[in-house]
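Q: predicted model follows, preceded by the sequence.
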Amino acid sequence: MALRYLTPQDVLWINLQVTRRVLKFEWVGLEEAVNAQFGYGSSQDVVGQASTFVTCFLRKAPFEFGNEGTALVALATFLRLNGLRLTVEDGSAVEWIRAVGSDAVRAAVTADFSDAIEHVDDRSVQQVATLSLERYAKAIEELGTPPFRPTPIEHGFRGQETWTGPGNVRDYLG
């Protein structure tokens, strides 16, 4: 069986679904992370390739935010496209993806699955990714939101400071 891989465009689409925004991203980092799916030689160690992919993706963090959520869905999608399933449950997925390593990926993969898609070969990457998005909805809600960073204070006329962020500037100045 030939392995199926995610393209950079697939990962861009997954990030859009996770964050619900079109984000700036580093193209080279995204390409390097996506290329980490491929193995040397015969490329038949799906779990090893998945582990390399997710750890490289998290290290490169090519998007402004939402990298962990995107990595979770992309990992689950890559595995499912290749006949395996990520066994991590939605409630523990946030902690798991933040502490993921190669041993954690290997321990969290099974060939036993039951889901809405029986014949993955007949499905597009987006259809399989949608299943992963639904499965990890709670985790994605947390992982797909931008980190709160108050908008910096800008200088106005004659040294006046103008607050451009939400709330009151005194809340952030201490």
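A: That came in fine, so what should we check first? Residues are numbered from 1 along each chain as shown.
Q: who are the contact partners of residue 37?
A: Listed by C-beta atoms under 8 Å, 6 or more residues apart in numbering, the contact set of residue 37 reads 5-6, 49-50, 52-53, 78. C-beta: built from backbone N, CA, C; applies to glycine.
Q: tell me the secondary structure at it.
A: Of the three states, residue 37 takes coil under DSSP: H, G, I helix; E, B strand; the rest coil.
Q: now swap in the one 3 residues further on and tell me
A: Classification of residue 40 by three-state DSSP places it in coil.
Q: quick check: residue 123 vs residue 92, distance?
A: For residue 123, the distance to residue 92 (C-beta to C-beta, to the nearest Å) stands at 27 Å.
Q: which of those two has more neighbours?
A: Using other C-beta atoms under 10 Å as the criterion, residue 123 and residue 92 rank with residue 123 on top: 17 against 11.
Q: could you report the neighbour count for residue 95?
A: Residues lying near residue 95 (other C-beta under 10 Å) number 11.
Q: next one: it from residue 26, what distance?
A: Taking C-beta to C-beta, one finds residue 95 at 26 Å from residue 26.
Q: quick one: end-to-end distance for stretch 57-74.
A: From its first residue to its last, stretch 57-74 covers 10 Å (C-alpha to C-alpha, to the nearest Å).
Q: list the buried residues of it.
A: The neighbour-count check on stretch 57-74 (16 or more other C-beta atoms under 10 Å) flags 57-58, 60-63, 65-74 as buried.
Q: same check on stretch 100-112?
A: Neighbour-count burial for stretch 100-112 flags 100, 104-105, 108-109 (criterion: 16+ other C-beta under 10 Å).
Q: residue 47 looks like it's in a helix, true?
A: Yes: applying three-state DSSP, one finds residue 47 inside a helix.
Q: ok, back up a step: return the closest of the buried residues of stretch 100-112 with respect to residue 40.
A: If you rank the buried residues of stretch 100-112 by distance to residue 40 using C-beta to C-beta, residue 105 comes first, at 18.0 Å.
Q: helix or strand for the residue nearest to the closest one when sequence neighbours are not counted, which one?
A: Once flanking residues are discounted, residue 105 sits nearest to residue 51: 3.9 Å by C-beta to C-beta, 6 or more residues apart in numbering. Here residue 51 sits within helix 46-60, counting by DSSP states H and E.
Q: show me what that helix packs onto, helices and strands only.
A: helix 27-35, helix 67-81, helix 102-107 (3 or more C-beta pairs under 8 Å, 6 or more residues apart in numbering; DSSP states H and E).
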